[in-house]
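Undergrad: From the sequence below, what's the structure:
(one chain, ligands or ions: 2)
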Amino acid sequence: MDADANPDAAKAQSRKACLAARDGVGRLARAAAATRLFARLMHLRDRTIAGYLPIGSEADPRGAMRALFGANRICVPVVTAKGAPLRFREWWPGCALEEGAFGVPVPTEGGWRVPDLLIVPLVGFDADCARLGYGGGFYDRTLAGMGDAQTIGFGFEAQRLDRVPRGPHDVALDAVITEAGVYHPPASD
Ligand SMILES: Nc1nc2c(c(=O)[nH]1)N(C=O)[C@@H](CNc1ccc(C(=O)N[C@@H](CCC(=O)O)C(=O)O)cc1)CN2
Ligand SMILES: Nc1ncnc2c1ncn2[C@@H]1O[C@H](COP(=O)(O)OP(=O)(O)OP(=O)(O)O)[C@@H](O)[C@H]1O
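TA: Ligands and ions are numbered 1, 2, ... in the order given. Next up, the predicted model:
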């Protein structure tokens, strides 16, 4: 099968494999990934940074979110409607949360923010920084409308595919951080 000709079917297959691999990631790799994310972002000041509140076996960015809070504004994604871009609500350490769409925790109060940097959860990725998500298209729709915001995928080596099947809407990330290092997309020129 030509994966790019039928990306939705190819993605569904890859998604299962990536989620199973992610479920198997151990504590050491999880701690190492979190440390790398923090090391990469700790210099930031006066930014509006979208983190996320992890579900299932996702890499946990909350340590970096807590550390970045204070010198930066932190927000997290909220699904407001199917087929709509995500919106981002202010988050702070210990803020009250409730269960939102798809079982994702969301803050109960706080203003809406427009992030200039997004830490993006991954189901899978490849070395060119193509991303595979849960399949709702939420991040693709969101990033399509965000202009020059910086995007950093966060996950584990176990989630790396040889090549993520490309769909017409897919937006490549500016970097992917895992426990092993940082990936950047190939230069476009
Ligand atoms: N932590 C986190 N927050 C996020 C996302 C995400 O991927 N991760 N999203 C990214 O778009 C949006 C929520 N969209 C989602 C769309 C589908 C599923 C989903 O299919 N979940 C699986 C099982 C989840 C698990 O691992 O426990 C399911 O419902 O079967 C999850 C989130 C916004 N917030
Ligand atoms: N910008 C967009 N406009 C319209 N449809 C889109 C857009 N982005 C994605 N879609 C559609 O949404 C569906 C899911 O897309 P895709 O499989 O790429 O999601 P994903 O990136 O894995 O998931 P997510 O972004 O929610 O984590 C596809 O059918 C795709 O065509």
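Undergrad: Could you say which helix or strand holds Ile55?
TA: Using DSSP states H and E, Ile55 sits in no helix or strand.
Undergrad: Enumerate every residue touching Arg73.
TA: 47-49, 90, 113 (C-beta atoms under 8 Å, 6 or more residues apart in numbering). Bear in mind the C-beta positions are built from the backbone N, C-alpha and C, glycine included.
Undergrad: Mind doing that once more with 6 Å?
TA: For Arg73, the contact set (C-beta atoms under 6 Å, 6 or more residues apart in numbering) comprises Thr48.
Undergrad: confidence score at it?
TA: The model reports Arg73 with a pLDDT of 98.
Undergrad: Can you report phi and psi for the residue sitting nearest the centre point of the chain?
TA: Central residue of the chain (C-alpha atoms, centre = their mean): Val120, 1.5 Å from the mean position. Main-chain torsions, Val120, degrees, to the nearest 10: phi -110, psi 130.
Undergrad: do the one 3 residues further on as well
TA: The phi and psi values for Val123, taken as degrees, to the nearest 10, are phi -90, psi -50.
Undergrad: One more: Glu157?
TA: Torsion angles, degrees, to the nearest 10, at Glu157: phi -50, psi -40.
Undergrad: Checking Val106 next. Helix, strand or coil?
TA: Here Val106 takes the strand state, with states given by DSSP: H, G, I helix; E, B strand; the rest coil.
Undergrad: For it, list each beta-bridge partner.
TA: Val106 has the following beta-bridge partners by DSSP bridges: Glu98.
Undergrad: so what pLDDT did the residue of the chain found nearest ligand 1 get?
TA: Residue nearest to ligand 1 within the chain (C-beta to the nearest ligand atom): Gly56, separated by 2.4 Å. Predicted confidence (pLDDT) for Gly56: 97.
Undergrad: and it, how far is that from Pro121?
TA: Going from Gly56 to Pro121 by C-beta to C-beta, to the nearest Å gives 10 Å.
Undergrad: Compare the two (neighbour count), which wins?
TA: Per other C-beta atoms under 10 Å, whichever of Gly56 and Pro121 has more neighbours is Pro121, with 23 against 11.
Undergrad: which ones are touching that one?
TA: 52, 58.
Undergrad: so what's it bridging to?
TA: Beta-bridge partners for Pro121, by DSSP bridges, are Phe154.
Undergrad: quick one on the thing from earlier: hmm, the residue nearest to the centre of the chain is touching Gly153, no?
TA: Yes: counting by C-beta atoms under 6 Å, Gly153 is a contact partner of Val120 at 5.0 Å.
Undergrad: Can you tell me the closest non-neighbouring residue to Ala29?
TA: For Ala29, ignoring the flanking residues on the chain, the nearest one in space by C-beta to C-beta, 6 or more residues apart in numbering is Glu179 at 4.5 Å.
Undergrad: pretty sure the one you found contacts Ala33?
TA: Yes: counting by C-beta under 6 Å, Glu179 touches Ala33, with 4.1 Å between them.
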